[in-house]
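**Q** Got a sequence here, can you model it:
(chains A, B and C)
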Amino acid sequence: MTLLYTLEIIGTFVFAISGIRLAAKKEMDIFGVTVIGFVTAVGGGTTRDVLLGSYPVAWVQDINYPIAILLALPFTFIFRKYIVNMRRTFFVFDTVGIALFTISGMQKALNLGIHPGLAITMGMVSAVVGGVIRDILCNEIPLIFRKEIYATACLVGAIVFFLLEHYEVFSQNINYIATIITIIIIRVVAIKFNLSLPKMKV
Amino acid sequence: MTLLYTLEIIGTFVFAISGIRLAAKKEMDIFGVTVIGFVTAVGGGTTRDVLLGSYPVAWVQDINYPIAILLALPFTFIFRKYIVNMRRTFFVFDTVGIALFTISGMQKALNLGIHPGLAITMGMVSAVVGGVIRDILCNEIPLIFRKEIYATACLVGAIVFFLLEHYEVFSQNINYIATIITIIIIRVVAIKFNLSLPKMKV
Amino acid sequence: MTLLYTLEIIGTFVFAISGIRLAAKKEMDIFGVTVIGFVTAVGGGTTRDVLLGSYPVAWVQDINYPIAILLALPFTFIFRKYIVNMRRTFFVFDTVGIALFTISGMQKALNLGIHPGLAITMGMVSAVVGGVIRDILCNEIPLIFRKEIYATACLVGAIVFFLLEHYEVFSQNINYIATIITIIIIRVVAIKFNLSLPKMKV
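**A** Numbers count the residues shown, from 1 in each chain, chains lettered A, B, ... in the order given. Model prediction:
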């Protein structure tokens, strides 16, 4: 669990940066930027916990989450020139972040004994809701509904994780790694070949 | 309870269709369309359950809700040409849907022994919040705040239902039917005579 | 506790007025205006209670909150001509309102034994989330993220309150008053000298 926890804190840090950067682009003040960073980082896990009635909500009783988010603020400011060039690095972190949130969300749900289909949904909720709230607070139609293959990667990763856990072929750490790699590959392939989901005409 | 449950699942299906259609009009991809359909269908009941602290949230432990929503997707696609002509049919379904959500929301609240005024509020929350979240995610001012007599119909229906339940004149099934008919009549009359609530000048 | 409770109901009333006025300016109908008034008034406390898993949510079992909000409706209408001239009066009420919500939010959190940094966050959530939801429902980027010193005042007030409580120098009523005065002074100074937080360039 220590590995997973460490990685979740890193995921929180990276998600906070993505919120901070969008808010700063929208010309928000320091406070607004901090809040957007905060909700981007904790929005998914909070929604999952509230839906599951799993109290206390993770960050409400663990000061490490807010600390990770507050550290993202000076980090983003100090390295603002390099972050553009660090796009590949962040892409990896961000993808690892959603992979970890997908996994931890699913595990929490499976531990509560709910239906696998709903556990997969909870994994996706953990991974994507933070970004959705970020976009709503910035008055944009959530990006994820428009062109990202992002959520599809989570979905496939969640299914892979469930199957690996269910059939207990490998140890849990290998399941984690296999899930993360699956999600990374899907995102890399999707971006390289400019794939997107079809639109629905009604 | 089986009748109420069946009708609630139908209501979920119809609400999902309304979300799917708006999202498709906004050129969202398949994923976005599914999510909007989902939150439109479950948003009201989820908000009610979270506010009441009534865990587990209905759909989180009952796979039939997600199934109803996922079925709405191919249904909307296959019958897209007919849905326009089916406007009357959908109007009836949709109105029955909000009526049922109003009733089931109130009953849950009344069973918890809260004040009738608040139970009526919970009935309305169940019926309208899904549509409000749908409109926010699509970056529109919620329609319901602008021109619909929709919520007023819920409110009157909720009061009628409370009075019928309170004075126990009829059996519960008759109370259901009387409430649904009340809500349908108000909506039909409102649309036929183009009624709307007055605006408030401040 | 009676003093705090009374003041919280007054805060609810004043917050409702701020929601009603914005919604009326957006040409919403009576229903929309009422709903916006409602969520503005209870949004912060509700979010805090849901995050803390502190059930029942305050207003869901106490009819006085909805009554205060419903009374705000005719009040705003009848005194609409005077409210513009009453700006100073409202500024005081509004500031007292956020101060009280900050205090009551912190106290609830501290009573649950959570970390002071998180309790301060909960105090701010209580004070500002209602206004954020109001702005989102009206399809605007929340004002608070753009130019208000509002949240900063809450933050400083919350820290002052925590320190006073922690070191038990004075009686609790004095702590309340000192916190409220701190928040009022910060807002008055900020408006008088047109202070705002710096923007973050990324």
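
**Q** in chain A, which ranges drop under the pLDDT threshold?
**A** For chain A, the stretches with pLDDT under 70 are A:1-2, A:83-87, A:89-90, A:146-148, A:201-202.

**Q** For it, which residues are neighbours of chain C?
**A** A:20-21, A:23-33, A:35-36, A:46, A:50, A:53, A:55-57, A:59-61, A:63, A:66, A:76-77, A:80, A:83, A:136-139 (Cβ under 8 Å from any Cβ of the partner chain). The C-beta positions use only the backbone N, C-alpha and C, and glycine is treated the same way.

**Q** Now do the contacts for A:G117.
**A** Applying Cβ atoms under 8 Å, 6 or more residues apart in numbering or on different chains, we find A:G117 in contact with B:63, B:66.

**Q** still on that earlier bit, from the residues of chain A next to chain C, list the ones also adjacent to chain B.
**A** Restricting these to those near chain B by Cβ under 8 Å from any Cβ leaves A:50, A:53, A:136, A:139.

**Q** Mind picking the two most distant members of the residues you listed?
**A** Greatest spatial distance among these (Cβ to Cβ): A:G53 and A:N139, at 30.9 Å.

**Q** Looking at the two, which is more packed in?
**A** Comparing A:G53 with A:N139 by neighbour count (other Cβ atoms under 10 Å in any protein chain shown), the higher total belongs to A:G53, at 17 against 14.

**Q** burial count for A:T102?
**A** If you count neighbours by other Cβ under 10 Å, A:T102 ends up with 31.

**Q** Does it touch A:T152 like I think?
**A** No: counting by Cβ atoms under 8 Å, A:T102 sits too far from A:T152 to count as a contact (11.9 Å).

**Q** If any of the residues of chain A next to chain C are buried, put those into a PyMOL selection.
**A** Selection of buried members from the residues of chain A next to chain C for PyMOL, criterion 16 or more other Cβ atoms under 10 Å in any protein chain shown:
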select buried, chain A and resi 20+21+23+24+26+28+29+30+31+32+33+35+36+46+50+53+55+57+59+60+66+76+83+136+137+138
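
**Q** Filter the residues of chain A next to chain C down to the ones in helices?
**A** Members of those lying in helices (criterion: DSSP state H): A:20-21, A:23-25, A:30-33, A:35-36, A:46, A:50, A:66, A:76-77, A:80, A:83, A:136-137.

**Q** neighbours around A:V189, how many?
**A** Neighbourhood size, A:V189 [other Cβ under 10 Å]: 12.

**Q** Just the element for it, please.
**A** helix A:172-192 (DSSP states H and E).

**Q** Pull out the buried residues from that helix.
**A** With burial defined by 16+ other Cβ under 10 Å, the residues of helix A:172-192 counted as buried are A:175-176, A:178-180, A:182-184, A:186-187, A:190.

**Q** How about stretch A:151-171?
**A** Buried, per 16+ other Cβ under 10 Å, within stretch A:151-171: A:151-162, A:164-165.

**Q** Mind listing residues that contact it?
**A** By Cβ under 8 Å, 6+ apart, the surrounding residues in contact with stretch A:151-171 are A:95, A:98-99, A:102-103, A:106, A:110, A:116, A:119-120, A:123-124, A:127-128, A:144, A:172, A:174-176, A:178-180, A:182-183, A:186-187, A:190, A:197, B:31, B:35.

**Q** could you redo the last one with a cut-off of 6 Å?
**A** Contact with stretch A:151-171 is made by A:98-99, A:102-103, A:106, A:116, A:120, A:123-124, A:127-128, A:144, A:175, A:179, A:182-183, A:186-187, B:31, as judged by Cβ atoms under 6 Å, 6 or more residues apart in numbering or on different chains.

**Q** ok so, going back, specify which member of the buried residues of helix A:172-192 is nearest to C:T12.
**A** For these, the nearest to C:T12 is A:I183 (45.2 Å; Cβ to Cβ).

**Q** That closest one and A:G97 touch, don't they?
**A** No: using Cβ atoms under 6 Å, A:I183 makes no contact with A:G97, being 10.1 Å away.

**Q** ok so, going back, mind picking the one among the buried residues of helix A:172-192 that's closest to chain C?
**A** Relative to chain C, the closest of those is A:R187; by Cβ to the nearest Cβ it sits at 23.5 Å.

**Q** contacting residues for that closest one?
**A** Applying Cβ under 6 Å, 6+ apart to A:R187 gives the contacts A:95, A:153.

**Q** Also A:A58?
**A** Here A:A58 is in contact with A:G45 (Cβ under 6 Å, 6+ apart).

**Q** Apply 7 Å and report the result again.
**A** Listed by Cβ atoms under 7 Å, 6 or more residues apart in numbering or on different chains, the contact set of A:A58 reads A:45, A:49, A:65.

**Q** What of A:A127?
**A** A:44, A:98, A:101-102, A:105, A:154.

**Q** so it sits in a helix?
**A** Yes: assessed by DSSP: H, G, I helix; E, B strand; the rest coil, A:A127 belongs to a helix.

**Q** Which residues of chain A lie near chain B?
**A** Counting by Cβ under 7 Å from any Cβ of the partner chain, the positions of chain A adjacent to chain B are A:50-53, A:114-115, A:117-118, A:121, A:136, A:141-142, A:145-147, A:151-152, A:196-202.

**Q** Please repeat the previous calculation with a cut-off of 8 Å.
**A** A:50-53, A:114-115, A:117-118, A:121-122, A:132, A:136, A:139-142, A:144-147, A:151-152, A:196-202.

**Q** from the residues you listed, which ones fall inside strands?
**A** Nothing among the residues of chain A next to chain B maps onto strands, per DSSP state E.

**Q** What sits closest to A:L143 if chain neighbours are left out?
**A** Computed as Cβ to Cβ, 6 or more residues apart in numbering or on different chains, the closest residue to A:L143 that is not its neighbour in sequence is A:D135, at 5.9 Å.

**Q** burial measure for A:N194, as a count.
**A** Using other Cβ under 10 Å, A:N194 is surrounded by 8 other residues.

**Q** residue contacts, A:M28?
**A** A:M28 makes contacts with A:36, C:145-146, C:199-200, as judged by Cβ under 8 Å, 6+ apart.

**Q** Contacts only, for A:Y65.
**A** Residues near A:Y65 by Cβ under 8 Å, 6+ apart: A:9, A:12, A:41-42, A:58-59.

**Q** Tell me the one of the residues you listed nearest chain C?
**A** Distance to chain C, by Cβ to the nearest Cβ, is smallest for A:W59 among the contacts of A:Y65, at 7.8 Å.

**Q** With C:Y150 as the reference, measure out to that closest one.
**A** Note on A:W59: its distance to C:Y150, by Cβ to Cβ, to the nearest Å, is 23 Å.

**Q** now A:I141
**A** The gap separating A:I141 from C:Y150 is 27 Å, by Cβ to Cβ.

**Q** doesn't A:I184 make contact with A:T95?
**A** Yes: at 5.1 Å, A:T95 counts as touching A:I184 under the criterion of Cβ under 8 Å.

**Q** Tell me how many other residues surround the residue nearest to A:L143.
**A** Neighbour count for A:D135, taken as other Cβ under 10 Å: 22.

**Q** In contact with it, which residues?
**A** A:22, A:141-144.

**Q** So which of these belong to helices?
**A** Within the contacts of A:D135, residues falling in helices by DSSP H are A:L22.

**Q** Using ChimeraX, make a named selection holding only the buried ones among the contacts of A:D135.
**A** In ChimeraX syntax, the buried subset of the contacts of A:D135 is picked out as below (16+ other Cβ under 10 Å):
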select /A:22,141,142,144
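
**Q** residues contacting A:A119?
**A** Going by Cβ under 8 Å, 6+ apart, A:A119 touches A:106, A:109-110, A:158, A:162.
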